[in-house]
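**Q** sequence first, then the predicted structure:
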Protein chains: 2
Amino acid sequence: MSRPRFAFKISARDGAARRGRITMQRGTIETPAFMPVGTAATVKAMLPGSVGATGAEIILANTYHLMLRPGAERIARLGGLHAFMRWERPILTDSGGYQVMSLAELRRIDEKGVAFRSHLDGARHLLTPERSMEIQGLLGADIVMAFDECTPFPASHEDARESMELSMRWAARSRAAFDGNAEQASRAALFGIQQGSVYPDLREASSKALTGIGFDGYAVGGLAVGEGHDAMVETLDHCVPMLPEAAPRYLMGVGKPADIIAAVERGIDMFDCVLPTRSGRTGQAFTWRGPVNIKNARHRDDPRPLDEDVESPARDFSRAYLHHLFRSGEILGAMLLTWHNLAFYQALMARLRAAIEAGHLAEEAAAIRACYDGGDIEPL
Amino acid sequence: MSRPRFAFKISARDGAARRGRITMQRGTIETPAFMPVGTAATVKAMLPGSVGATGAEIILANTYHLMLRPGAERIARLGGLHAFMRWERPILTDSGGYQVMSLAELRRIDEKGVAFRSHLDGARHLLTPERSMEIQGLLGADIVMAFDECTPFPASHEDARESMELSMRWAARSRAAFDGNAEQASRAALFGIQQGSVYPDLREASSKALTGIGFDGYAVGGLAVGEGHDAMVETLDHCVPMLPEAAPRYLMGVGKPADIIAAVERGIDMFDCVLPTRSGRTGQAFTWRGPVNIKNARHRDDPRPLDEDVESPARDFSRAYLHHLFRSGEILGAMLLTWHNLAFYQALMARLRAAIEAGHLAEEAAAIRACYDGGDIEPL
């Protein structure tokens, strides 16, 4: 049985929220979906089989990091990213546009693309829409992101407009380059990215430009860049309905449980964020009773598990043991909390999916929000 | 079916080498056996189930580290070390004698014991034979080591004699304290530790003192402290035959594959060493074709596994991927190489056990030595 290149089917709705399924050659993805981040071809501190065991059906990898180390051509010679990191299900790669602006040195942006020096060794590189498509093709990504400029926040209307219009020209070049690679076009999907900062007219213009080009899915870009929960939700209120109803919608780089819930309620289908993995390495755990900082002294004699309702190997150990591992700087602490947090995030998405199917998303969202009031966990 | 407190049965011999089985309440241990080191109640970078999956039947934990953090009384309140770290098979704990001298600050040794300050927080502690037995009892160790002074190397005959005689008086006090704890004495085994540096007459006197007291097993102490492979083997040549034939013999802190092979040939039954775990975290792998430094640039395009004959998850990945993980400082690199190295060490022991049974240990030892010539791996 061969699967289609890309299909998205919505099976239930609750308000603006959608319950759907993406089908691709490498597997299906139940939506709303959370994608663990595997920046450098590894979801940090996790074996790929363990990532799958949490319920994750797709992961994200970073074009910027992989093009610099070990290099896209090297990964292609070694059989592509799936073989390299031993993850057989779908992989989404970002375009490199966001990280080249936040991580690279001496970057210079013009119509052609972004020239920069590697933050690792200072080597010169050029990232353009065409090169980004080529790299994502070499990696073998299943979902390819158009190359864009993530507009900084805050931005004036004028700056946001210029940045958005550049991204839309790059989106058209991304589409052309993607379609020009027959192997990639026959196998992978291409997503466009809406920009326009917090300005409704610019978001509208961006959406029109993207739908004019035509993509398999549409991302909301330029959020989760410091604007805060309320501004993000306000922007989602107007910008999500502008996106095509029949395609999946992806909110990049989000987020905390409260952010995800608010975005699902507004019709977002896909998410990625480093929060569960990064928090896991610093001793921050997500539980159904709220956030837990396992390094806190109050856990040192606590025989209870982190959360008996979150299925992961962390459940086999006491809070006292996890506390000891973090106090001692033991790798096993990062391993167990990362696994726990990824399992929590997948369980959160499953709970939201079930609530949409049952038509009681509002009640379920309120119950979860009661634990994650305001979206803030203890400071990282 | 209840198992005895402690039994040791030798089923085959090849020269001085012995093939045996230790039976204790928490499980059996096929000998010669290698014990992975779980210093702070975790075999670093490994889930306990994964340690068991490599074939390990017993692990070692360190009294010194655990008494300081999280504290022996705390572990006892939490149900003992087995429950705390979720390892159900036997655990051997050292006495703390070695590490209090190598790690603690402001230590002062006298007839009573060792007064010192914690290297973690400067708190004052006193470690005596009686307190060491108490701590190992609180931890719930299956094999308890007598409290001794590990004689520094090199030592004059006079210094080595005084140190050994102190250790023998402490061995008698350890025996008395152990036997005075009915719960511990009914459940656990107590091993004595032979000292005497490189001097045959002192090793002989130490052995006589220990056998006069009577222990379940006998360790060779004071080796693997910088004397080198040849001096170690020379010492084993004369000191192992002094130990009781019917009890297991344990060479503490050893070692490289060549050290283990030489010691097995001389009648040693048990080993522990941080080498496979520590090497795994620094990118050094043990293979049947010799040592591999995975950080070396020659591996960066190598699609082959580390060693297809060593069963662990590391076998699923290319050397190129493992190289990338170490170059990128990814935790997964430490996880995979640690698992691989522990699997290699268990396979090494299984190969030695099978060779003893088959009566061709010399040939097998020569074949393995050809890969680990001189016992040196690439510099750590």
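**A** It's in.

**Q** ignoring the adjacent residues along the chain, who's closest to the residue of the stretch 101-250 of chain A found nearest chain B?
**A** The nearest approach of the stretch 101-250 of chain A to chain B comes at A:Leu120, 9.3 Å away (CB to the nearest CB). C-beta: built from backbone N, CA, C; applies to glycine. Nearest residue to A:Leu120, sequence neighbours excluded (CB to CB, 6 or more residues apart in numbering or on different chains): A:Leu68, at 5.5 Å.

**Q** so A:Arg5 sits right up against A:Thr23, yeah?
**A** No: judged on CB atoms under 8 Å, A:Arg5 makes no contact with A:Thr23 at a distance of 9.2 Å.

**Q** now do stretch A:303-310: everything it contacts.
**A** A:285, A:287-289, A:292, A:294, A:314-320, A:322, A:337, A:340, A:343-344, A:347, B:78-79 (CB atoms under 8 Å, 6 or more residues apart in numbering or on different chains).

**Q** try 10 Å
**A** A:54, A:285-290, A:292, A:294, A:299, A:312, A:314-322, A:336-337, A:339-348, B:77-79, B:83-84 (CB atoms under 10 Å, 6 or more residues apart in numbering or on different chains).

**Q** just the buried residues of those residues.
**A** Among these, those classed as buried by 16 or more other CB atoms under 10 Å in any protein chain shown are A:54, A:285-288, A:292, A:294, A:299, A:312, A:314-315, A:317-322, A:336-337, A:339-348, B:78, B:83-84.

**Q** what about those, which are in helices?
**A** The helices, defined by DSSP state H, take in A:319-322, A:336-337, A:339-348, B:83-84 from those.

**Q** can you give me the strands in the stretch 101-250 of chain A?
**A** A:105-109, A:114-117, A:124-127, A:143-145, A:189-194, A:217-220, A:249-251 (DSSP state E, counting those that start in this stretch).

**Q** pLDDT value on A:Gly375, please?
**A** Confidence at A:Gly375, expressed as pLDDT, is 43.

**Q** no, scratch that, I was asking about A:Met1
**A** 59.

**Q** circling back to that earlier point, any idea which of the strands of the stretch 101-250 of chain A has the lowest pLDDT on average?
**A** strand A:105-109 - the lowest mean pLDDT of those, at a mean of 89.

**Q** name the residues of the stretch 101-250 of chain A found near chain B, please.
**A** For the stretch 101-250 of chain A, the residues in contact with chain B (CB under 10 Å from any CB of the partner chain) are A:Leu120.

**Q** try it again with 7 Å
**A** By CB under 7 Å from any CB of the partner chain, no residue of the stretch 101-250 of chain A approaches chain B.

**Q** just the helices in the stretch 101-250 of chain A please.
**A** Assigned helices in the stretch 101-250 of chain A, in chain order: A:129-139, A:157-180, A:182-187, A:200-213, A:229-239 (criterion: DSSP state H, counting those that start in this stretch).

**Q** what residues of the last one count as buried?
**A** What it means is helix A:229-239. Quick answer for helix A:229-239 (16+ other CB under 10 Å): A:229, A:232-233, A:235-236, A:239.

**Q** same question for it, mean pLDDT?
**A** 95.

**Q** if we look at that helix, which residues are touching it?
**A** For helix A:229-239, contacts defined as CB atoms under 7 Å, 6 or more residues apart in numbering or on different chains pick out A:194, A:198, A:200, A:203, A:220, A:223-224, A:258-259, A:262-263, A:266, A:375.

**Q** how big is the angle separating that helix from strand A:189-194?
**A** Relative orientation of helix A:229-239 and strand A:189-194, computed by axes from the mean of the first three to the mean of the last three CA atoms, to 10 degrees: 110 degrees.

**Q** gap between helix A:229-239 and the chain center?
**A** Distance, stretch centre to chain centre, for helix A:229-239: 18 Å (CA atoms, centre = their mean, to the nearest Å).

**Q** angle of it against helix A:200-213?
**A** 50 degrees.

**Q** quick one: pLDDT of the residue nearest to A:Pro32 when sequence neighbours are not counted?
**A** Of all residues not flanking A:Pro32 in the chain, A:Val264 sits nearest, at 4.8 Å (CB to CB, 6+ apart). On pLDDT, A:Val264 comes in at 98.

**Q** need the contact list for A:Val264.
**A** Taking CB under 7 Å, 6+ apart as the test, what A:Val264 contacts is A:17, A:32, A:352.

**Q** now it: how far from A:Val233?
**A** A:Val264 sits 12 Å away from A:Val233, going by CB to CB, to the nearest Å.

**Q** now render the contacts of A:Val264 as CSV, adding pLDDT.
**A** Below are those laid out as CSV (pLDDT from 0 to 100):
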residue, pLDDT
A:Ala17, 98
A:Pro32, 99
A:Leu352, 98
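
**Q** can you pick the most crowded of those residues?
**A** Within the contacts of A:Val264, most neighbours by other CB atoms under 10 Å in any protein chain shown means A:Pro32, with 27 neighbours.

**Q** and that one, how far is that from chain B?
**A** Distance from A:Pro32 to chain B, counting by CB to the nearest CB, to the nearest Å: 28 Å.

**Q** I'd guessed that residue sits against A:Ala354; true?
**A** No: between A:Pro32 and A:Ala354 there is no contact under CB atoms under 7 Å: 11.0 Å.

**Q** part of a strand, is the residue nearest to A:Pro32?
**A** No: counting by DSSP: H, G, I helix; E, B strand; the rest coil, A:Val264 falls outside a strand, being helix.

**Q** which SSE is A:Val19 in?
**A** Just so we're on the same page, residue A:19 is Arg rather than Val. Using DSSP states H and E, A:Arg19 sits in strand A:17-24.

**Q** who does that strand pair up with?
**A** Within its sheet, strand A:17-24 is paired with strand A:6-14 (antiparallel), strand A:27-31 (antiparallel), according to DSSP bridges.

**Q** hmm, back to that, of the contacts of helix A:229-239, buried ones?
**A** Of these, these count as buried by 16+ other CB under 10 Å: A:194, A:198, A:203, A:220, A:223-224, A:258-259, A:262-263, A:266, A:375.

**Q** which of these lies closest to B:Glu105?
**A** A:Gly375 (45.6 Å; CB to CB).

**Q** so how far is chain B from the spatially most distant residue from the centre of chain A?
**A** Centroid-distance maximum for chain A: A:Asp301 at 36.3 Å, with CA atoms, centre = their mean. A:Asp301 sits 7 Å away from chain B, taking CB to the nearest CB as the criterion.

**Q** kindly report the same for A:Thr338.
**A** 9 Å.

**Q** so who does that residue touch?
**A** A:44-46, A:277, A:280-281.
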